[in-house]
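1. make a model of this:
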Amino acid sequence: MNMACCSGNGQCSQADDPVCQCAINYYPKTAGTNCPTFCNVTACQSCSDASGVCTCRPNMYGTNCQTYCTPATCGNRGVCGNDGRCVCASSAALEFSIYSGANCEIHQMNWFLIGVIIAGGVVVVLAIVLGVLARRGKPEKRTRKKNKYDIINN
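-> Numbers count the residues shown, from 1 in each chain. Model (predicted):
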(Lines give C-alpha, C1' and ligand atoms only; values in the text may rest on other atoms or scores of the structure.)
Protein backbone atom coordinates (compact mmCIF):
# COMPACT_ATOMS: atom_id res chain seq x y z
CA MET A 1 0.00 0.00 0.00
CA ASN A 2 1.15 3.52 -0.85
CA MET A 3 1.71 5.68 2.26
CA ALA A 4 2.73 8.81 0.30
CA CYS A 5 -0.87 9.59 -0.57
CA CYS A 6 -1.77 9.87 3.12
CA SER A 7 0.93 12.41 4.09
CA GLY A 8 2.93 9.43 5.35
CA ASN A 9 0.43 9.09 8.22
CA GLY A 10 -1.81 6.30 6.99
CA GLN A 11 -2.40 3.75 4.27
CA CYS A 12 -4.05 4.10 0.88
CA SER A 13 -6.77 1.55 0.35
CA GLN A 14 -6.93 1.89 -3.46
CA ALA A 15 -4.18 2.43 -5.97
CA ASP A 16 -6.24 4.09 -8.76
CA ASP A 17 -8.43 6.37 -6.64
CA PRO A 18 -6.58 6.56 -3.33
CA VAL A 19 -8.56 6.76 -0.11
CA CYS A 20 -6.63 7.05 3.14
CA GLN A 21 -7.04 5.06 6.25
CA CYS A 22 -5.32 7.40 8.70
CA ALA A 23 -3.03 5.89 11.31
CA ILE A 24 -3.97 6.09 14.98
CA ASN A 25 -3.99 9.72 16.21
CA TYR A 26 -4.04 11.16 12.66
CA TYR A 27 -7.04 12.95 11.23
CA PRO A 28 -9.40 13.53 9.44
CA LYS A 29 -11.01 10.11 9.68
CA THR A 30 -13.28 10.87 6.71
CA ALA A 31 -12.35 9.55 3.28
CA GLY A 32 -9.68 11.62 1.56
CA THR A 33 -6.11 11.60 0.36
CA ASN A 34 -4.35 13.19 3.38
CA CYS A 35 -3.92 12.56 7.08
CA PRO A 36 -2.15 15.80 8.05
CA THR A 37 -3.40 16.42 11.57
CA PHE A 38 -1.97 14.72 14.64
CA CYS A 39 -4.23 14.61 17.68
CA ASN A 40 -2.80 13.19 20.89
CA VAL A 41 -5.67 11.10 22.23
CA THR A 42 -3.84 10.65 25.53
CA ALA A 43 -3.80 14.38 26.29
CA CYS A 44 -6.97 15.25 24.38
CA GLN A 45 -10.38 14.62 25.83
CA SER A 46 -11.63 14.14 22.28
CA CYS A 47 -10.48 14.61 18.69
CA SER A 48 -12.84 15.71 15.96
CA ASP A 49 -13.10 12.97 13.34
CA ALA A 50 -13.67 15.58 10.64
CA SER A 51 -10.85 18.02 11.45
CA GLY A 52 -8.65 16.42 14.10
CA VAL A 53 -9.13 19.43 16.36
CA CYS A 54 -8.37 18.42 19.91
CA THR A 55 -10.54 19.24 22.90
CA CYS A 56 -8.13 19.26 25.82
CA ARG A 57 -8.53 17.52 29.14
CA PRO A 58 -8.56 19.78 32.21
CA ASN A 59 -5.21 21.52 32.82
CA MET A 60 -3.92 20.59 29.36
CA TYR A 61 -3.30 23.35 26.80
CA GLY A 62 -1.91 23.90 23.31
CA THR A 63 -2.80 22.74 19.82
CA ASN A 64 -2.26 19.09 20.74
CA CYS A 65 -2.81 19.52 24.48
CA GLN A 66 0.92 19.11 24.97
CA THR A 67 1.31 21.64 27.79
CA TYR A 68 0.27 20.92 31.38
CA CYS A 69 -0.63 24.01 33.41
CA THR A 70 -2.50 24.67 36.67
CA PRO A 71 -2.75 27.74 38.91
CA ALA A 72 0.03 26.09 40.98
CA THR A 73 2.21 26.11 37.84
CA CYS A 74 1.72 29.89 37.85
CA GLY A 75 2.68 30.17 41.51
CA ASN A 76 -1.01 30.66 42.40
CA ARG A 77 -0.54 34.23 41.15
CA GLY A 78 -2.02 33.73 37.70
CA VAL A 79 -4.03 31.53 35.38
CA CYS A 80 -3.17 29.41 32.39
CA GLY A 81 -3.77 30.99 29.00
CA ASN A 82 -5.06 29.10 25.97
CA ASP A 83 -1.51 28.25 24.97
CA GLY A 84 -0.62 26.92 28.43
CA ARG A 85 1.50 29.91 29.40
CA CYS A 86 0.88 31.69 32.66
CA VAL A 87 -1.02 34.96 32.58
CA CYS A 88 -0.07 36.69 35.80
CA ALA A 89 -3.16 37.95 37.63
CA SER A 90 -1.67 40.93 39.42
CA SER A 91 -0.72 42.87 36.33
CA ALA A 92 -3.53 45.37 36.83
CA ALA A 93 -2.58 49.03 37.24
CA LEU A 94 -4.24 49.29 40.67
CA GLU A 95 -2.28 46.47 42.33
CA PHE A 96 0.57 47.17 44.75
CA SER A 97 2.37 43.96 43.74
CA ILE A 98 3.09 43.07 40.14
CA TYR A 99 4.09 39.53 39.19
CA SER A 100 5.72 38.50 35.93
CA GLY A 101 7.87 35.72 34.51
CA ALA A 102 7.09 32.37 32.93
CA ASN A 103 5.56 31.10 36.20
CA CYS A 104 4.65 34.48 37.76
CA GLU A 105 7.70 34.10 40.00
CA ILE A 106 9.14 37.61 39.62
CA HIS A 107 7.73 40.03 42.19
CA GLN A 108 7.90 43.79 41.83
CA MET A 109 6.28 46.59 43.74
CA ASN A 110 4.12 48.98 41.72
CA TRP A 111 6.10 52.07 42.66
CA PHE A 112 4.09 54.28 40.32
CA LEU A 113 0.85 53.54 42.19
CA ILE A 114 2.55 53.89 45.56
CA GLY A 115 4.02 57.26 44.44
CA VAL A 116 0.62 58.51 43.28
CA ILE A 117 -0.96 57.58 46.63
CA ILE A 118 1.84 59.24 48.63
CA ALA A 119 1.73 62.39 46.46
CA GLY A 120 -2.05 62.55 46.87
CA GLY A 121 -1.68 62.29 50.64
CA VAL A 122 0.93 65.07 50.68
CA VAL A 123 -1.37 67.35 48.66
CA VAL A 124 -4.25 66.75 51.08
CA VAL A 125 -2.06 67.45 54.14
CA LEU A 126 -0.69 70.64 52.53
CA ALA A 127 -4.19 71.83 51.70
CA ILE A 128 -5.27 71.33 55.34
CA VAL A 129 -2.17 73.09 56.74
CA LEU A 130 -2.53 76.01 54.33
CA GLY A 131 -6.22 76.29 55.18
CA VAL A 132 -5.45 76.43 58.91
CA LEU A 133 -2.67 79.00 58.39
CA ALA A 134 -4.88 81.14 56.18
CA ARG A 135 -7.56 81.27 58.86
CA ARG A 136 -5.01 82.17 61.53
CA GLY A 137 -3.72 85.16 59.61
CA LYS A 138 -7.13 86.83 59.32
CA PRO A 139 -8.33 88.82 62.30
CA GLU A 140 -11.69 87.72 63.53
CA LYS A 141 -14.53 90.14 63.05
CA ARG A 142 -15.61 91.28 66.42
CA THR A 143 -18.96 92.68 66.99
CA ARG A 144 -19.36 95.02 69.90
CA LYS A 145 -22.00 94.07 72.30
CA LYS A 146 -24.77 96.61 72.34
CA ASN A 147 -25.57 98.27 75.57
CA LYS A 148 -28.40 100.42 76.80
CA TYR A 149 -26.63 103.68 75.88
CA ASP A 150 -26.46 102.90 72.14
CA ILE A 151 -28.79 105.00 70.05
CA ILE A 152 -31.22 102.94 68.10
CA ASN A 153 -31.96 104.25 64.60
CA ASN A 154 -35.44 103.65 63.18
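2. where's Asn82, which helix or strand?
-> Asn82 is part of no helix or strand when elements are defined by DSSP states H and E.
3. next one: the closest residue to Cys47 other than its chain neighbours from Asn25, what distance?
-> Closest residue to Cys47 apart from its sequence neighbours, by C-beta to C-beta, 6 or more residues apart in numbering: Cys39 at 3.6 Å. Every C-beta, even on glycine, is put in place using the N, C-alpha and C of the backbone. For Cys39, the distance to Asn25 (C-beta to C-beta, to the nearest Å) stands at 6 Å.
4. quick one: which of these two has more around it?
-> Cys39 (23 against 17; other C-beta atoms under 10 Å).
5. tell me the mean pLDDT for stretch 55-70?
-> Mean pLDDT, stretch 55-70: 86.
6. isn't there a helix covering Ala127?
-> Yes. Assigned with DSSP: H, G, I helix; E, B strand; the rest coil, Ala127 falls within a helix.
7. how deep is it tucked in, by neighbour count?
-> 10.
8. and if you look at Pro28?
-> A total of 20 residues lie near Pro28 under the criterion other C-beta under 10 Å.
9. cool, the one 5 residues further on as well?
-> One way to gauge burial is a neighbour count; for Thr33, by other C-beta under 10 Å, it gives 14.
10. does it touch Cys20 like I think?
-> Yes. Using C-beta atoms under 8 Å, Thr33 is in contact with Cys20, at 6.0 Å.
11. quickly list what's touching both of these two.
-> Jointly contacting Thr33 and Cys20 under the rule C-beta atoms under 8 Å, 6 or more residues apart in numbering are Cys5, Cys6, Cys12.
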